[in-house]
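Q: Based on what follows, work out the 3D shape:
(one chain, ligands or ions: 1)
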Amino acid sequence: MISKIDLTNNKMVNKNLNKEKIIIGVDIGGTNTVIGIVDFNYNLLFEDSFPTLPNNGINTFVKRLVTRINEVFLIYENSYSLEGIGVAAPGVNYLSNTIESPANLNWGNVDFIEIMKNYFHTPISLINDANAAALGEQNFGKAKGMKNFIVLTLGTGLGAGIVVDGNLLYGENGFAGEIGHTIIEINGRQCNCGRNGCLETYVSATGIKKTVFNLLCQDNDKSELRNLNYEDLNSKQISEFAIHNDPIALKAFDYTAEILGKAMANMVAFFDPQAIILSGGLVNADNLLLEPTYKYFEKYLLNFYKGKVQILVSGFHNGEAAVLGACSFALKSISNAQIDHNIVIDND
Ligand SMILES: [Zn+2]
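A: Below is the predicted model:
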């Protein structure tokens with residue numbers, strides 16, 4: 001059996017021949033969803049975000065997403081042809097190509113591609129959000145040229161994309177990298193995955209908020225945070241209070257940093273990476289998290305790794321790495337599909 005690529009099929013007349021080709025990238029987060037338009041040179045032409053509102057259910061979310069994509073593409077459709085949509089989401093199983101019970105979305109199992117096909121004729125691909133961020137860093141960011149690295153995304157939860165020998169680590173069941181759900185405390189904080197004590201219940205935007213609440217109950221320190229409504233509190237406000245030396249906010253960052261630094265030292269023992277790249281609003285907060293994390297990381301790191309692992313902060317903001325990674329994954333999926341489509345099986 002000989003397989004060959006039939007190049008004559010590539011001579012199809014394309015009605016969009018004169019239009020520049022673009023991909024739409026989507027990064028679905030527990031709090032916000034980012035939409036980006038990327039050309040085939042990976043220039044980010046457009047970026048916007050809207051609240052995910054996951055509790056309204058998957059169908060409502062998809063309708064809002066489709067409306068937003070259509071609104072955005074309307075601006076571009078005269079000059080650009082849409083070649084595909086790359087979606088990054090939590091809980092994506094690489095093997096089943098579906099979203100499986102993401103902890104912070106409460107959607108259960110979702111065949112996202114099938115749902116999206118009801119609205120779009122263009123190819124749609126799906127990738128785990130932290131894996132998309134890792135691809136974004138590998139192709140366009142701080143991990144360029146690296147073969148072994150870990151990207152940690154600190155948002156509503158904690159995601160991890162792990163690259164080993166240049167390739168994303170998917171694992172036997174398509175679910176490698178759920179570091180946010182490693183249990184670090186027996187009978188610890190309740191996690192949205194249904195268990196207790198997961199890393200992301202401490203190290204995430206929601207985790208630091210919970211830490212502030214606990215510290216306000218335990219400590220007698222004077223703190224302006226006591227005057228705020230807990231429900232309205234967010235990690236950005238905690239950062240601003242810490243910048244102004246609020247003792248509770250500073251303690252919350254130190255507590256979070258110690259847990260993160262220890263977890264990162266453990267990750268090094270598993271994967272021996274060249275670098276760990278941190279991303280997310282908490283990380284970009286004026287070195288408040290980074291400096292103590294580095295201190296604790298060095299403290300807990302096994303001796304022979306010391307001085308060998310870089311701790312870097314992503315140069316991207318607001319899910320851009322995941323959007324670019326989702327687009328590059330989509331583009332690769334499209335070109336693979338085209339090659340598959342053009343393969344002629346010769347049984348002679
Ligand atoms: Zn969990």
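Q: Tabulate the CA atom coordinates of stretch 218-225 in CSV.
A: Taking C-alpha atoms only, stretch 218-225 is exported to CSV below (Å, rounded to 0.1, in the frame of the first residue of the first chain):
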residue,chain,number,x,y,z
GLN,A,218,-7.3,35.2,62.5
ASP,A,219,-5.2,38.3,62.8
ASN,A,220,-5.8,41.6,64.7
ASP,A,221,-3.7,43.6,62.2
LYS,A,222,-5.3,46.9,61.2
SER,A,223,-6.3,46.6,57.6
GLU,A,224,-8.4,48.7,55.2
LEU,A,225,-9.5,45.4,53.8
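Q: May I see the buried residues of it?
A: By neighbour count on 16 or more other CB atoms under 10 Å, the buried set for stretch 218-225 is 223, 225. C-betas here are computed from N, CA, C, even on glycine.
Q: Quick check: residue 322 touching residue 133?
A: Yes: between residue 322 and residue 133 there is a contact at 4.5 Å, judged by CB atoms under 8 Å.
Q: Show the contacting residues for the residue of the stretch 1-150 of the chain found nearest the ion.
A: At 5.6 Å from the ion, residue 103 is the closest residue in the stretch 1-150 of the chain, using CB to the ion. By CB atoms under 8 Å, 6 or more residues apart in numbering, the contact set of residue 103 is 90, 91, 157, 180, 181, 191, 192, 193, 200.
Q: Could you export those to JSON lines, including columns for distance to the ion, secondary structure and pLDDT?
A: Listed next are those as JSON lines, based on distance: CB to the ion, whole Å; DSSP: H, G, I helix; E, B strand; the rest coil; pLDDT from 0 to 100:
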{"residue": "90", "distance to the ion": "12", "secondary structure": "coil", "pLDDT": "92"}
{"residue": "91", "distance to the ion": "12", "secondary structure": "coil", "pLDDT": "90"}
{"residue": "157", "distance to the ion": "8", "secondary structure": "coil", "pLDDT": "93"}
{"residue": "180", "distance to the ion": "7", "secondary structure": "helix", "pLDDT": "97"}
{"residue": "181", "distance to the ion": "4", "secondary structure": "helix", "pLDDT": "96"}
{"residue": "191", "distance to the ion": "3", "secondary structure": "coil", "pLDDT": "96"}
{"residue": "192", "distance to the ion": "7", "secondary structure": "coil", "pLDDT": "92"}
{"residue": "193", "distance to the ion": "3", "secondary structure": "coil", "pLDDT": "92"}
{"residue": "200", "distance to the ion": "6", "secondary structure": "helix", "pLDDT": "97"}
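Q: biggest helix in the chain by residues?
A: helix 247-271 (DSSP state H).
Q: quick one, strands of the stretch 201-348 of the chain?
A: Along the stretch 201-348 of the chain, counting by DSSP state E, counting those that start in this stretch, strands occupy 275-279, 310-313, 343-346.
Q: Least confident of those strands, on average?
A: Among the strands of the stretch 201-348 of the chain, strand 343-346 has the lowest mean pLDDT, at a mean of 46.
Q: By neighbour count, which of the contacts of residue 103 wins?
A: Greatest neighbour count in those, by other CB atoms under 10 Å, goes to residue 157: 33 neighbours.
Q: Would you check how far apart the spatially closest residue to that one that is not a sequence neighbour and residue 297 are?
A: Spatial nearest neighbour of residue 157, chain neighbours left out: residue 200 (4.3 Å); criterion: CB to CB, 6 or more residues apart in numbering. Residue 200 sits 18 Å away from residue 297, going by CB to CB, to the nearest Å.
Q: same thing with residue 220?
A: Distance, residue 220 to residue 297, using CB to CB: 31 Å.
Q: For the stretch 101-250 of the chain, list the residues in contact with the ion, please.
A: Contacts of the stretch 101-250 of the chain with the ion, taken as CB under 5 Å from the ion, map to 181, 191, 193, 198.
Q: what residues are up against the second one?
A: Read it as residue 191. Shown in contact with residue 191 (CB under 8 Å, 6+ apart): 103, 181, 197, 198, 200, 201.
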